[in-house]
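> here is a sequence with its predicted model. Questions after.
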Amino acid sequence: MPFFAGEIFVSDVQNKPVLDQTGEEIGKLKDIIVAGGDPFPAVTALVVASVRTAYVIPWDMINLFNKRVISVNVTRSSLMPSAPAPNDILICRDILDKQIVDINGAKLVRVNDLELGDVKGRLCLVASDIGFRGILRRMGMEARGERLFSLFRYKVPHKLIGWHYLQTMEPKLTKLTLTVSRQKVARIHPADLAEIISEVSQKERSALFGSMDVETAAEALHELEPKVQVGIIDDMSKEQASDILEQMPPDEAADVLGDLPEAKAQELINLMEKEEAEDVQELLEHEEDTAGGIMTTEYLAFPPDMTVEEAIKELRLEAPNVETVYYLYILDNEEHICGVLSLKNLILASPEAKLRDIMTTPVKALSLDAAEKDVAEFVSKYNLLAVPVVDETMAMRGIVTVDDVVDFLLPPASRKKRMRR
Amino acid sequence: MTRWKRFILLLAVIGPGIITANVDNDAGGITTYSMAGAHFGYSLLWTLIPITIALIVVQEMSARMGAITGKGLAELIRENYGVKVTFWLMLFLFITDLGNTAAEFAGWAASNEIFGLNKYVSVPIGAFIVWLLVVKGSYRVVEKIFLVFCVVYLVYIPAAILAKPDWTDVALQTIKPSFHFNTPYVVMLIGVVGTTIAPWMQFYIQSSIVEKGIRKEQYWASRIDVIVGCFLTDIVAFFIIVACGATLFKAGLHIDTADAAARSLAPLAGRYASLLFAFGLANASLFSASILPLATAYYICEGMGWEAGVSKTFKDAPQFMWLYTILIAIGSLIVLIPNSPLIAIMWISQVINGVMLPFVLIFMLMLINSKDLMEKYTNSRTFNVIAWVTTTVMIALTMLFVATMFL
């Protein structure tokens, strides 16, 4: 068993000589190979190189590993030159200096240094230094830097983040630790996730999306700017893209598809489940900046003769599939709106009452071609959380929810801010 | 894609290339070109053709790296060559950009004095406008304002026409290289070419391509942006040389600064030519005074892993905002403090600029040929030959330019 003690920073051992059994130098420590672990990746081998040859030395051949001495329990002549395998994760090459997601802070940080430590007897990657102290240490100036800053009465803080609070965007590593990644990424709020996604490069984006489950991916995609959405859908496999689109509310899915080239959009719609595909197809036929273009086809509809008790039971079944549960629309056989009922009124009414008797009439509704601006005014005038949208025959076609209107009301600068760094 | 759609996309993508190239004609650039025209007439015009090519070659590589990798140059250097190299590079570039920013404010002050505005009024106003732009603006708005700045550069065209040059002579000297073996001519030649490519431009164009979210599918449009930008820049340079060549050179006047050139134009080419010239200088100075600190703050933050971005607040991106603010504050103060060593500061910044350039260009060439980063978008063999030749020549001339400063 290799002997190591306490915490070791990668910068302290990088480029240190590695000695063999007899004390002869094999080469300098160039990199450290880790394998995906839960939650900490464990060191599996060291990459050692002299001027002419490079060796990958397995961890169990290491004798001592600390700041001062790194030694191997065999002789130099018994080692065969070798190179890392293509799928190996080398922490200096693949993680150090790269951007990484800080789960708790929900933001991007850069890895200035990495800390190795003992986890159940194995040397593992335990933390990342994201602070200025890490930079100073890498430059070999930690002590000098500290003295300099103490002149200004400034104490350079330690900014270490535990590895289990970090998510890499290195494709190899996310693939290797997929379950861990999924759990980590799902802890970030979709809006924060969207902000992170819009700040990283295309390659890193794909890696991040690859490490999300379908629900998280759908929520994050929904929060992004159209231009970024299109780029992400373009990079994904068609199957993955259609899965995510199915998961999104139909109005959001239609927005994304509307920005794609027609052929591509049609192809994705064909891959979606029939029911979702029909909803989306219908929404796509309306102009983008009208009530028809921003509405969603998922809403709660009940017949007028239902009792309150039956309605509540029904509501429990339907609610998970719709965006807004605050309004129940009462529709006749031809889908015409007879009345509306708020969730509050429903709950307060006596269980035997018929919906027909407690609903509010007449219902304020918008036509499919109402302009976005009119929708916003309507929502604000009547203080609504959602507005029903009807066609020429007054049949109900969908609802516009307040969150879609808010986006329109905000000044363009703050709307766009999300995609800009 | 239909032709119309391609055109719309082109308009959406355009910006970074034109803006970056135009900043090349900053206060220092205009001074150099004015002096080239005033002292050597049209005999340096031919150098603009190779200069344009060199500028296109280098800028195109940066733009391509931005579009393909989605990362800024400082970020790529950090990720591939480590924090140590990045730190020192950033530190030195900060110093040279501080000197350059001061030079831009000096140009702004000088041109405003032609319009009768005292520098103690014009510099604080200019600094405040520039500061406000980034602190309060969003990237889209800022870019539009920058593009307007670029259009104003065209005032040098009427200024040159008012100077009534002999157009046949101008055309002839533009296409026919001439060379004079005397020290002042060689020094001027080196100066004209040596100031063409500055390290910060490479960082700026790449970052703004990334910030704009340009992807590899749209890159063809960015390439057009870069090429158009480089041509526009050198067309402006061309007219500056012509304006000074047709007047100051004919009259045998000797000038050392761009504002002196503007003043001397009045009796020779009329009041309007002089005012247009001064207005162009004011525009160029203020434009560069806003881009230089912005670019610097950007790439330092990128390299060091700090949050950065136009329209971020002091709370979100403290390092970015403070770097930007400090560069503008110190840059303008250097101009305002009586007897401050402006010349010495500019001199040091030019020297560091020249010394840093080879490192930046060589890093760029190594990065752009990395298959891991650029996939199939690495340089072709022919392009690599052109790029290495350009780089070597630019490095040599920049070194010579630095050497001439010790003369």
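Ah, there it is.
> up against chain A, what does chain B have?
For chain B, the contact set with chain A under C-beta under 8 Å from any C-beta of the partner chain comprises B:69-71, B:78-79, B:82-84, B:87, B:138-141, B:210-211, B:213, B:215-217, B:304-305, B:307-312. (Each C-beta comes from the backbone N, C-alpha and C, glycine too.)
> where does the stretch 1-150 of chain B have low pLDDT?
Low-confidence segments of the stretch 1-150 of chain B, defined by pLDDT under 70: B:1.
> residue of it nearest chain A, please.
Taking C-beta to the nearest C-beta as the measure, the point where the stretch 1-150 of chain B comes nearest chain A is B:G70, at 2.8 Å.
> residues near that residue, how many?
Other residues near B:G70 number 22, with proximity taken as other C-beta atoms under 10 Å in any protein chain shown.
> where are the low-confidence patches of the stretch 251-400 of chain B?
The low-confidence ranges in the stretch 251-400 of chain B, as defined by pLDDT under 70, are B:311.
> residues contacting the residue of the stretch 1-150 of chain B closest to chain A?
Contacts here follow C-beta atoms under 8 Å, 6 or more residues apart in numbering or on different chains; on that basis B:G70 touches A:V200, A:S201, A:Q202, A:K203, A:E204, B:V210, B:R215.
> show the buried residues in these.
Among the contacts of B:G70, those buried by neighbour count (16 or more other C-beta atoms under 10 Å in any protein chain shown) are A:V200, A:S201, A:Q202, A:K203, A:E204, B:V210, B:R215.
> which one is the residue of the stretch 201-350 of chain B found nearest chain A nearest to, not counting chain neighbours?
Nearest to chain A, among the residues of the stretch 201-350 of chain B, is B:G305, at 2.5 Å (C-beta to the nearest C-beta). Of all residues beyond its chain neighbours, the one nearest B:G305 is A:R110 (2.5 Å), with distances taken as C-beta to C-beta, 6 or more residues apart in numbering or on different chains.
> my guess is the one you found meets A:D102, correct?
No. Using C-beta atoms under 8 Å, A:R110 is not in contact with A:D102, being 10.3 Å away.
> between these two, point out the one with more neighbours.
More neighbours sit around A:R110 than around the other of A:R110 and A:D102, counting by other C-beta under 10 Å; the figures are 22 against 17.
> for that one, give its distance to A:I135.
Between A:R110 and A:I135 the distance, using C-beta to C-beta, to the nearest Å, works out to 9 Å.
> OK, contacts around the closest residue to B:V186 other than its chain neighbours?
Sequence neighbours aside, B:H180 is the residue nearest to B:V186 in space, at 8.0 Å (criterion: C-beta to C-beta, 6+ apart). Neighbouring residues of B:H180 by C-beta under 8 Å, 6+ apart: B:F40, B:S43, B:V186.
> so B:H180 sits in a strand?
No. With the criterion set as DSSP: H, G, I helix; E, B strand; the rest coil, the secondary structure at B:H180 is coil rather than a strand.
> would you turn the buried ones among the contacts of B:G70 into JSON lines with distance to A:R397?
Written out in JSON lines, the entries for the buried ones among the contacts of B:G70 read as follows (distance: C-beta to C-beta, whole Å):
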{"residue": "A:V200", "distance to A:R397": "39"}
{"residue": "A:S201", "distance to A:R397": "41"}
{"residue": "A:Q202", "distance to A:R397": "37"}
{"residue": "A:K203", "distance to A:R397": "41"}
{"residue": "A:E204", "distance to A:R397": "40"}
{"residue": "B:V210", "distance to A:R397": "42"}
{"residue": "B:R215", "distance to A:R397": "36"}
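> in JSON lines, list those along with distance to A:V47 and secondary structure.
As requested, the buried ones among the contacts of B:G70 are exported to JSON lines (distance: C-beta to C-beta, whole Å; DSSP: H, G, I helix; E, B strand; the rest coil):
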{"residue": "A:V200", "distance to A:V47": "27", "secondary structure": "coil"}
{"residue": "A:S201", "distance to A:V47": "26", "secondary structure": "coil"}
{"residue": "A:Q202", "distance to A:V47": "29", "secondary structure": "helix"}
{"residue": "A:K203", "distance to A:V47": "24", "secondary structure": "helix"}
{"residue": "A:E204", "distance to A:V47": "24", "secondary structure": "helix"}
{"residue": "B:V210", "distance to A:V47": "31", "secondary structure": "helix"}
{"residue": "B:R215", "distance to A:V47": "34", "secondary structure": "coil"}
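> three-state assignment of A:V389?
State at A:V389, reduced to three classes by three-state DSSP: strand.
> for it, name its beta-bridge partners.
Taking DSSP bridges as the rule, A:V389 bridges to A:L366, A:G398.
> how far away is it from A:R205?
Relative to A:R205, A:V389 is positioned 34 Å away (criterion: C-beta to C-beta).
> same thing with A:D60?
Using C-beta to C-beta, one gets 38 Å for the distance from A:D60 to A:R205.
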